[in-house]
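**Student:** Here you go, sequence then predicted model.
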Amino acid sequence: MLGFYDYTVILTYLSLLSAGTGIFVTLSGSGHPYLGTFFLLFCGLCDSFDGIVARTKKNRSETERNYGIQIDSLSDLIAFGVLPACIGMSLVNNSELLTYIFGSDKHNIPLLIVRFLLFAILVLYILAALIRLAYFNVTEEERQRKEGGKRRQFTGLPVTTAALIFPIVMLLRYILPIDISIFYFPIILITGFLFLAKFSIPKPGLRGVMIMVGIGALEFALLILFYYLR
């Protein structure tokens, strides 16, 4: 059977399964963007530790290492590229603000134009995530041939930060008394731009990873709380 199935890739596979489930849940029926956010957070949790777990196996072959790099990026594209875009699409379909401004007729021409522009932003975001991940794969292979060891810094914003950014937006959407769904789109557009921007940030060590996991856990707990309170 093709592929590798040892413990070094389990978290990556779980992240992909979570992302796929999140996409289906988010887009089912009239859409459930709030529930999709939980799956996004779980993807972020898996990604926080998949590299750490993979590096515990010291006798990985070159093929296994390259396979790990490739599936990590492919999974990240679905989890942190497609899933956030699907959450945005579901927000469009459930936006009280758009309904208030344009009415409930989905064939209204101004509404169709606005929806098209918002969907275009989501598609551009996925494209930005794809470009970043492909570029990372190429440069990471070159870096490992020349330097070896772990990467010490990132150029641009890692796509995995989506797991912390967009749950905050969803929290605000349910905390605030007005519908702020529309603000998801400038944020996702800026995030996509930062994926491709040329600035350097240090790669977090174990302490930094644990801090981000703590933030994600807090977001998860607050999302659960507001889910039952709303």
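**Tutor:** Thanks, I have the structure now.
**Student:** For residue 6, see how far away the residue positioned nearest the centre of the chain is.
**Tutor:** Most central in the chain under Cα atoms, centre = their mean is residue 80, positioned 2.0 Å from the mean C-alpha point. Relative to residue 6, residue 80 is positioned 24 Å away (Cβ to Cβ, to the nearest Å). C-betas here are computed from N, CA, C, even on glycine.
**Student:** Can you name the residues that contact residue 94?
**Tutor:** 30-31, 33, 181 (Cβ atoms under 8 Å, 6 or more residues apart in numbering).
**Student:** Quick check, pLDDT for it.
**Tutor:** Looking at residue 94, its pLDDT stands at 77.
**Student:** Number the residues from 256 up from this point.
**Tutor:** Understood, numbering begins at 256; the last thing we discussed is residue 349.
**Student:** Just give me the longest helix of the chain.
**Tutor:** Longest helix of the chain, by residue count under DSSP state H: helix 364-401.
**Student:** which of the residues in the very next helix or strand once past that helix are buried?
**Tutor:** For helix 364-401, the following helix or strand on the C-terminal side (DSSP states H and E) is strand 408-410. Residues 409-410 are the ones in strand 408-410 that count as buried (16 or more other Cβ atoms under 10 Å).
**Student:** One more: stretch 269-288?
**Tutor:** Here stretch 269-288 shows 269-278, 280-282, 286-288 as buried, counting by 16+ other Cβ under 10 Å.
**Student:** Quick check: which element contains residue 441?
**Tutor:** helix 439-451.
**Student:** ok, whichever helix or strand comes after that helix: who's next to it in the sheet?
**Tutor:** On the C-terminal side of helix 439-451, the closest following helix or strand by DSSP H and E is strand 455-457. Taking DSSP bridges as the criterion, strand 455-457 pairs within the sheet with strand 408-410 (antiparallel).
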